[in-house]
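**Q** with the sequence up front, the predicted model follows.
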Amino acid sequence: MDPNAPLLFFDSGVGGLSVLEPTRKLLPTAPIVYAADSAGFPYGKRSEAEIASRVPALLGRLVERFHPRLAVIACNTASTIALEHVRSALDLPVVGTVPAIKPAAEISKTRVIGVLGTEATVRQPYVDDLAAKFAGDCTLIRHGSPELVELAEARLAGDEVSVAAIKAATQPMFDATDGEKIDTVVLACTHFPLLIEDLRAAFPGVKYVDGGPGIARRIAWLTRDQPWPAETPPGITLFTGPAREPLLASLATYGLSEVQFL
């Protein structure tokens, strides 16, 4: 294994940074390529057929360009729809992102759990399967919020984002039948942990669970015997098309100092 072979993170936008951050803590000198499909954003409003064809094709091009040691689909929507398509198309390990329903069920006292994601993710049969397997005695209240995705993108682009706006985008989940009993919320979109402090301020007393730390541990385990550079190389952010870019200062906090386009 070439020590300079990068980890490739893929998302529709900046959400995958919530997976990159815990990975950086475990693998501080890992070379990173972070690819944002800005030309296809947002995935939550696209059809399953579009995502199932688009994601494997894009990842194939990215693998040819960067020769990564491992790819991470740091997007719940893309993972729940296209993960198996990608794994069958690529000859390298591919780590997906799925809603953290199991750990949420382990800590919920009221047995009423909110699943907060994109519209595409919360309606997937994959979520039904996870609920049946790990949270059979729980009530799951699902809410798809494209507004929260946009708010997370705006925050990293340098815009002011208020707690009131985040609360308004999330409130319908708590207003649903039995919503007042929710004590644990699964952040089933990688964008949403970027707003965690605002969510805690808007809904105090609620516990939030996301898959980022678990994915980071999986990446570290899969690469456990591989060599890494002695020093951290500059990370690359790649966009697939023109988009509202995050502030370079925001990207730099994740070790991403170079911007490229596909």
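**A** Happy to help now that I have it.

**Q** pLDDT-wise, which helix or strand of the chain ranks last?
**A** Lowest mean confidence among the helices and strands of the chain (mean pLDDT, DSSP states H and E): helix 248-252, at a mean of 82.

**Q** elements contacting that one?
**A** Contact here means 3 or more CB pairs under 8 Å, 6 or more residues apart in numbering; DSSP states H and E; on that basis helix 248-252 packs against strand 256-261. In this view, the C-beta of every residue, glycine as well, is placed from N, C-alpha and C.

**Q** surely Ile166 forms part of a helix?
**A** Yes - under DSSP: H, G, I helix; E, B strand; the rest coil, Ile166 sits within a helix.

**Q** neighbouring contacts of stretch 203-219?
**A** Here stretch 203-219 makes contact (CB atoms under 8 Å, 6 or more residues apart in numbering) with 7, 18-19, 21-23, 25-27, 70, 72, 74, 76, 95, 97-100, 103-104, 107-108, 114, 167, 170, 174, 182-187, 190, 192-193, 196, 199-200.

**Q** in PDB, list the C-alpha atoms belonging to that stretch.
**A** Output in PDB follows, covering the C-alpha atoms of stretch 203-219 (Å, rounded to 0.1, in the frame of the first residue of the first chain):
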ATOM      1  CA  PHE A 203     -34.700  21.000  22.000                       C
ATOM      2  CA  PRO A 204     -32.900  20.600  25.400                       C
ATOM      3  CA  GLY A 205     -33.100  17.300  27.100                       C
ATOM      4  CA  VAL A 206     -33.000  15.300  23.900                       C
ATOM      5  CA  LYS A 207     -30.100  13.000  23.100                       C
ATOM      6  CA  TYR A 208     -28.700  12.900  19.500                       C
ATOM      7  CA  VAL A 209     -27.000  10.000  17.900                       C
ATOM      8  CA  ASP A 210     -25.100   9.900  14.600                       C
ATOM      9  CA  GLY A 211     -23.000   7.400  12.800                       C
ATOM     10  CA  GLY A 212     -19.800   9.400  12.400                       C
ATOM     11  CA  PRO A 213     -17.700   8.000  15.200                       C
ATOM     12  CA  GLY A 214     -18.700   4.400  14.400                       C
ATOM     13  CA  ILE A 215     -17.800   4.900  10.700                       C
ATOM     14  CA  ALA A 216     -14.400   6.400  11.800                       C
ATOM     15  CA  ARG A 217     -13.700   3.300  13.800                       C
ATOM     16  CA  ARG A 218     -14.600   1.100  10.900                       C
ATOM     17  CA  ILE A 219     -12.200   3.000   8.600                       C
END
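
**Q** ramachandran angles for Thr184?
**A** With angles defined as degrees, to the nearest 10, Thr184 sits at phi -140, psi 140.

**Q** hey, what's it bridged with?
**A** Counting by DSSP bridges, Thr184 forms beta bridges with Ile113, Lys207.

**Q** that one: what's it in contact with?
**A** Counting by CB under 8 Å, 6+ apart, Thr184 makes contact with Ala104, Ile107, Ser108, Ile113, Gly114, Val206, Lys207, Tyr208, Val209.

**Q** ditto for Val259
**A** Contact analysis of Val259 by CB under 8 Å, 6+ apart lists Ile236, Thr237, Leu238, Phe239, Glu245, Leu248, Leu251.

**Q** pLDDT check: weakest of these?
**A** Among the contacts of Val259, Glu245 has the lowest pLDDT, at 64.
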